[in-house]
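1. Below are the sequence and a predicted model for it; my questions follow.
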Amino acid sequence: MASFLKPPAFKAEQTGPEADALYKKLRAQVFLGAFIGYAGFYIVRKNFSMAMPMLEPLGFGKDELGIVLSLNAIAYGFSKFLMASVSDRSNARRFLPLGLTLAALSMMFMVVPVQWVGAEHKGFAIFLMALLNFLVGWFNGMGWPPCGRVMTHWFSQKERGTWMSVWNCAHNVGGALVGPMAVYGAIWFGSMFYGTNAQYYFLIGTYAFPACVAILIAIAAYCLIRDTPQSCGLPSIEKWRGDYSNVYSEKAEEVLSTKDIFKTVLSNRFLWYIAFANAFVYMVRYGCLDWAPTILTEKGINIKDTGWAYFAYEIAAIPGTLVCGWLSDKLFHGQRAWPTIIFMAIVAVFILIYWQYIDNLTVVIVCLMAIGFFIYGPVMLIGVQALDLAPKNAAGTAAGLTGFLGYVLGTAVLANIVIGYVAQHAGWNWTFVLLIGSCVISILLMLLTLSAEKKQPR
């Protein structure tokens, strides 16, 4: 496996107009491969949530399914950090398709505990579901790091915010496809596999069909992605554009050992600042998103209107991410902290309005759209800032550290457990206080990183 994933050797550097044309062509090609590849991971990531309503009539309880669901996020958080160090020492062209294929196969086998084990052997069935959903989360953690490696090697610091804001929309594209694929997969292929036994049609639409599509995407990503410009006989992106970041050196092009990668990342206090800031940004992101249906339903807003509010939150993320990335490059000249600070301050204002006008559906939807618009920019930019603050040969691990704290501390602990506990025992008013407090803490942590950022890369 080590030789299979080993980065390709550098080739003799080409020069002249032909090399310049090849560079432009490969940048577009690699970006497309990273975009569709990352979108593919979201096709086989949260599918278990879609299956849960159909699993309950088959004899599985909410508490049991909740345990299975939680393991996906926990595995993803740990994997995004630990597998990132492997990614930093691997060929991105092979690492990404490998992770996507393994995630797809794990998702495909989710059919087994339902169809062949069933609720008659519930303990074993839940164990298999939990194990497979854990593997789905773990292999999904192999998606972001190779994309981060590709983006740092093929796009320079002054343009990276814009390119990564576009790339970051891949998860919205992939996530949006899960629902339609579940519906049409069941319609097209359900009777082919299960005849008149319609209660099992969802297994094809939710698990098997998306898994097959993801494997095809993995093949396409392999055909498009290239590891580094130097492996294609081209100069580094810094040399090609004359755009050298503050952490760049010739040594940044070398492959580091696992020990050196972790030493480089864990000793950088600025990466710890943005990693903890990311935890509080994720607390706001998922605290607003995951609890919105419950809050609104309890306030008497019907489930249909609640669904539209949920949709508005997600769809507003795409233009917000693009604007935030563009601003960080063009207005702030490669600085990521200031746009993050500004956007989080605006998020706090709209959370306050959301809280005060919770019974007004129109105001609530506008606020959720605004929160979705402004929160996803910081989510994206913190990952970009991690890439900026670390050498290229440790970029994936640096971003993995922010992802680890974002998903494990920010999502699983703060957004899910803490907010749920506070809402149950202290009421929704205190959850809004927590969300606004999280915005303030994230802003304070981002202020600590300003000294590490220069207005212009050298």
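-> Perfect, thanks for sending it.
2. Give me the contact list for stretch 17-27.
-> Stretch 17-27 has contacts (C-beta atoms under 8 Å, 6 or more residues apart in numbering) with 14, 154-155, 226, 229, 232-234, 240. Where C-beta positions appear, they are placed from N, C-alpha and C, glycine not excepted.
3. Give the buried subset of those residues as a PyMOL selection command.
-> To isolate the buried subset of these in PyMOL, counting by 16 or more other C-beta atoms under 10 Å, use the following:
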select buried, resi 154+155+226+229+232+234+240
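4. mind giving me the domain split of the protein?
-> Here the domain parsing of the chain from automatic domain parsing is 2-6+13-232, 263-452.
5. Find the residue ranges of the protein scoring beneath the pLDDT cut-off.
-> Scanning the chain for pLDDT under 70 picks out 1-2, 244-255, 290, 293-294, 297, 301-311, 454-458.
6. at 50 instead, please
-> Across the chain, the ranges flagged by pLDDT under 50 are 455-458.
7. His153 and Glu159, how far apart?
-> 13 Å (C-beta to C-beta, to the nearest Å).
8. Would you mind telling me which of these two has more residues around it?
-> Neighbour count, other C-beta atoms under 10 Å: between His153 and Glu159, His153 has more, with 24 against 16.
9. That one contacts Gly396, doesn't it?
-> No. Counting by C-beta atoms under 8 Å, His153 does not reach Gly396; the two are 10.9 Å apart.
10. how about the strand or helix carrying Leu271: buried residues?
-> Applying DSSP states H and E as the criterion places Leu271 in helix 269-298. Using 16+ other C-beta under 10 Å as the test for burial, helix 269-298 gives 270-289, 291-292, 295-296.
11. any idea how far it is from the chain center?
-> In terms of C-alpha atoms, centre = their mean, to the nearest Å, the centre of helix 269-298 is found 13 Å from the chain centre.
12. Out of the domains of the chain, flag the one nearest Ser257.
-> domain 2-6+13-232 (7.9 Å; C-beta to C-beta).
13. ok so, going back, and of the contacts of stretch 17-27, the nearest to Phe139?
-> Nearest member of these to Phe139, counting by C-beta to C-beta, is Arg226, at 22.3 Å.
14. How about the secondary structure of the closest one?
-> coil (DSSP: H, G, I helix; E, B strand; the rest coil).
15. mind listing what it touches?
-> 26, 29-30, 93, 232.
16. Roughly how far does Arg53 sit from Phe60?
-> Quick fix: residue 53 reads Pro, not Arg. 11 Å.
17. Neighbour count: these two, which is higher?
-> Neighbours around Pro53 and Phe60, counted as other C-beta under 10 Å, are more numerous at Phe60. The numbers are 22 against 10.
18. What residue, apart from its backbone neighbours, is nearest that one spatially?
-> Excluding its sequence neighbours, the residue lying closest to Phe60 (C-beta to C-beta, 6 or more residues apart in numbering) is Ala119, at 6.0 Å.
19. still on that earlier bit, weed out the non-buried ones from the contacts of Arg226.
-> By 16+ other C-beta under 10 Å, the contacts of Arg226 give 26, 30, 93, 232 as buried.
20. and the closest residue to Tyr273 other than its chain neighbours, how many residues sit next to it?
-> With C-beta to C-beta, 6+ apart as the criterion, Tyr273 has its nearest non-adjacent residue at 4.7 Å, and that residue is Leu448. For Leu448, the count of nearby residues is 16 (other C-beta under 10 Å).
21. Can you list which of the buried ones among the contacts of Arg226 are found in strands?
-> Judged by DSSP state E, the buried ones among the contacts of Arg226 include no members of strands.
22. Max pairwise distance over those: which two?
-> Leu26 and Arg93 (11.7 Å).
23. As JSON lines, the domains of the chain with distance to Leu256 would be great.
-> Shown next, in JSON lines, are the domains of the chain (distance: least, C-beta to C-beta, whole Å):
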{"stretch": "domain 2-6+13-232", "distance to Leu256": "7"}
{"stretch": "domain 263-452", "distance to Leu256": "5"}
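24. For the stretch 1-150 of the chain, which segments are assigned as helices?
-> 2-5, 17-43, 47-55, 62-87, 92-108, 111-112, 122-140, 144-154 (DSSP state H, counting those that start in this stretch).
25. Now the third one - C-alpha only, PDB.
-> These are the backbone C-alpha positions of helix 47-55, laid out as PDB (Å, rounded to 0.1, in the frame of the first residue of the first chain):
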ATOM      1  CA  ASN A  47     -27.200   8.700   3.600                       C
ATOM      2  CA  PHE A  48     -28.000   7.000   6.800                       C
ATOM      3  CA  SER A  49     -30.000  10.100   7.900                       C
ATOM      4  CA  MET A  50     -32.200   9.600   4.800                       C
ATOM      5  CA  ALA A  51     -32.700   5.900   5.600                       C
ATOM      6  CA  MET A  52     -33.700   6.400   9.200                       C
ATOM      7  CA  PRO A  53     -37.400   7.100   8.600                       C
ATOM      8  CA  MET A  54     -37.700   3.800   6.600                       C
ATOM      9  CA  LEU A  55     -35.700   1.800   9.200                       C
END
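26. list the helices and strands it packs on?
-> Applying 3 or more C-beta pairs under 8 Å, 6 or more residues apart in numbering; DSSP states H and E, one finds that helix 47-55 contacts helix 62-87, helix 122-140, helix 170-194, helix 201-203.
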